[in-house]
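Novice: here are the coordinates; sequence isn't available:
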């Protein structure tokens, strides 16, 4: 008898697991006539894969059940909250369910890869430029005739594939440079207007370092080479020698970089690491938060980063206290050099999605950049400058400064790091820079990582 | 009973079989097929033959990762098992506070690998910077030692518990008989206790060997493969190939690496099991 009870129990347990397994599967199609519940199930699945939780539209009216839906895989964690709100508002206004899922910082490609293979794939995602598009071109819907493409302020902001077909549209224009704490700079006896070249910058930085103890602050915030922060140098700073080389050679991309301006790259990097809040040896462990906090605490005058930092800096500083200097490396017409302005954020529409979903996604994209609420949210809450004719002015002080610079005839430095051959190239350069900063590696290793590895990676990525 | 088993076997077997097929067998076969393909996502794949495999063996980072992993596995297996066994012997002698010690040694095992990696990174970086040495991200040797310390700290307690269980199962009669025959404590340890706990040794070496060989999260969080992939182990190398590079061919190469990796783990584990099994005794 006892044995029988046990065997019954065991088989019940087994059956239960089996039924549970089938149960969750059966639940999905059952929710087919109510999109909201499907989106909800989807969102909880996202949470498991490490992406941050999405707020699925709470209740979509049953009347729209037959229409498409939007699933946006967002790249910018700092704007997650605003996207969730915008999505909810859009749903409230039109009844189209919009799910926004934000990939964890640095995990976008990974998340996209696993998401797009699912049956409920993102209908709207982003690529970072020509190299990224190369990877995803099979999934990018032709946007040549889309409403949103026509609204762009410049043809340059449309991302085209090798055949000249528009596959992506830029949705935010950003600037980066050397963020400066004006008050501290004046305390040290300098002013933003007087720094017009690499030599000026070097003089000011080295003078501040010499009087570090007396002043109580350093010139540069830590040049952190931890993975949360190293992109500021292996990607953004590395853009400058690439930009000037492209300018000199009159090209837009290359299969083999020559490294003409690598000495200038070395000079600016040396200036950063030798006039910093910490010893160069400690940089490998310094994070993005470390550098930001040093700047916020008034321990450093300069901090290389971009306009996206504005919201976190504005909590502490007033607009008058902040300025952004161009990154001078001692090449070209420095008096007329502007900030590094460009984009690595292009929206794409998933061509594999159903027609209704594609239509819904195109409508949503267009609404974001044309409607009053959409443009206002993007400009004010997210702090974006969007390259569309209908854009609202952004209150971001760095963005305004970029506009002023351009108006004054300064030439912005374009973003050429989108042509870097691969992530691997950047990582190798990052490792070499870290080792150089700490003294365990030489500048020759950096050169190899920059020049030789470019050709290697380019051929690997394009075979 | 016999009859009902014959009658109802599908009820017992099928659920597990189905789960096994869905959760393991099918993905496994699909995974092997993918290693012969070029693909970006698993929906669009293109068969390319064995070219992925030739690329695996010409990849110097993979070969380096293999030797690094092999060396690490050897060092950590020996270190963890020797220390765990010694502690187990000490803690089966009835010292005061035995239970507290056992609990404390076991505790680190309850913390996840990623968290441990980051904690030890801060600790070790602090130490290295105090000594004026290059930090973990710049220092292959420190990375290796750090991983050993971390894994030892985490795994010794777990293995200790298994050894304690083994040692407690050694019949006191045998030990008493040996003592009456005039065996020294050393002889009792080597001639009685160790042969008697060989099943535990089999389990523990198997666990440490495969755990070390497949190590991923501790590697990712402690060193991240830095400097320049020199402290990268096989699992991280595969992950890196799969995700850090653009271009469809890399996914296939990563997949091929994973298949090679699987074969390596199986072969090593089988050799080890056979080797320790033959040392087991019945009493």
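Specialist: Structure received. Note that the structure is a prediction, hence the values are computed from the model and not measured.

Novice: which residues in the stretch 51-200 of chain A form strands?
Specialist: With DSSP state E, counting those that start in this stretch as the criterion, the stretch 51-200 of chain A has strands at A:70-74, A:98-102, A:124-127, A:158-160, A:166-170, A:174-181.

Novice: please enumerate the helices of the stretch 1-150 of chain A.
Specialist: For the stretch 1-150 of chain A, the helices defined by DSSP state H, counting those that start in this stretch cover A:2-30, A:35-48, A:80-94, A:108-116, A:130-136, A:147-150.

Novice: nearest to chain A: which residue in the stretch 151-283 of chain B?
Specialist: Distance from chain A to each residue of the stretch 151-283 of chain B (CB to the nearest CB) is smallest for residue B:228, at 4.1 Å. Yep, even glycine has a C-beta here, placed from its N, CA and C like the rest.

Novice: contacts only, for that residue.
Specialist: Residues counted as contacts of residue B:228 (CB atoms under 8 Å, 6 or more residues apart in numbering or on different chains) are A:428, A:431-432, A:435.

Novice: how much space between it and residue A:241?
Specialist: With the distance defined as CB to CB, to the nearest Å, residue B:228 ends up 21 Å from residue A:241.

Novice: over to residue A:67?
Specialist: Distance from residue A:67 to residue A:241, counting by CB to CB: 50 Å.

Novice: neighbour-wise, which of those two wins?
Specialist: Neighbour tally, residue A:67 and residue A:241, criterion other CB atoms under 10 Å in any protein chain shown: the higher count belongs to residue A:241, 24 against 17.

Novice: so who does the closest residue to that one other than its chain neighbours touch?
Specialist: Residue nearest to residue A:241 in three dimensions, not counting chain neighbours: residue A:261, with 3.9 Å by CB to CB, 6 or more residues apart in numbering or on different chains. With contacts defined as CB under 8 Å, 6+ apart, the neighbours of residue A:261 are A:240-241, A:244-245, A:329, A:331.

Novice: quick check: which of those residues has the minimum pLDDT.
Specialist: Of all the contacts of residue A:261, residue A:331 has the smallest pLDDT value, namely 86.

Novice: pLDDT weak spots in the chain?
Specialist: Since no chain was named, I'll use chain A. Within chain A, the stretches with pLDDT under 70 are A:1-66, A:463.

Novice: the chain in question should be chain B.
Specialist: When the per-residue scores of chain B are filtered using pLDDT under 70, the ranges that remain are B:1-2, B:246-248, B:282-283.

Novice: how's it carved up into domains?
Specialist: Listed by automatic domain parsing, the domain ranges of chain B are B:2-34, B:51-277.

Novice: for the helix or strand containing residue B:275, packing partners?
Specialist: With elements delineated by DSSP states H and E, residue B:275 resides in helix B:248-277, which encompasses its position. Of the remaining helices and strands, those touching helix B:248-277 by 3 or more CB pairs under 8 Å, 6 or more residues apart in numbering or on different chains; DSSP states H and E are helix B:26-34, strand B:37-39, helix B:51-57, helix B:60-90, helix B:198-213, helix B:234-243.

Novice: ok, which of these comes nearest residue B:272?
Specialist: helix B:198-213 (5.5 Å; CB to CB).

Novice: and the next helix or strand past the closest one?
Specialist: Following the chain from helix B:198-213 toward its C-terminal end, the next helix or strand by DSSP H and E is helix B:217-222.

Novice: for the stretch 1-150 of chain B, which residues are neighbours of chain A?
Specialist: B:1, B:8, B:11-12, B:14-16, B:18-19, B:22, B:40-44, B:121, B:125, B:129, B:132, B:134-139 (CB under 8 Å from any CB of the partner chain).

Novice: which of these count as buried?
Specialist: The neighbour-count test (16 or more other CB atoms under 10 Å in any protein chain shown) marks B:15, B:40-41, B:121, B:125, B:129, B:134-139 as buried among those.

Novice: just those: which are in helices?
Specialist: Judged by DSSP state H, the subset of those located in helices is B:15, B:121, B:125, B:129.

Novice: isn't residue A:339 right up against residue A:405?
Specialist: Yes: using CB atoms under 8 Å, residue A:339 and residue A:405 qualify as a contacting pair, with a distance of 6.2 Å.

Novice: can you get me a residue count around residue 232?
Specialist: No chain was given, so I picked chain A. Counted with other CB under 10 Å, the neighbours of residue A:232 add up to 21.

Novice: think we crossed wires, I meant chain B
Specialist: Taking other CB under 10 Å as the criterion, the count of residues near residue B:232 is 25.

Novice: residue contacts, the spatially closest residue to it that is not a sequence neighbour?
Specialist: Of all residues not flanking residue B:232 in the chain, residue B:225 sits nearest, at 3.5 Å (CB to CB, 6+ apart). Residues in contact with residue B:225 (CB under 8 Å, 6+ apart) are B:219, B:231-232, B:236-237, B:240.
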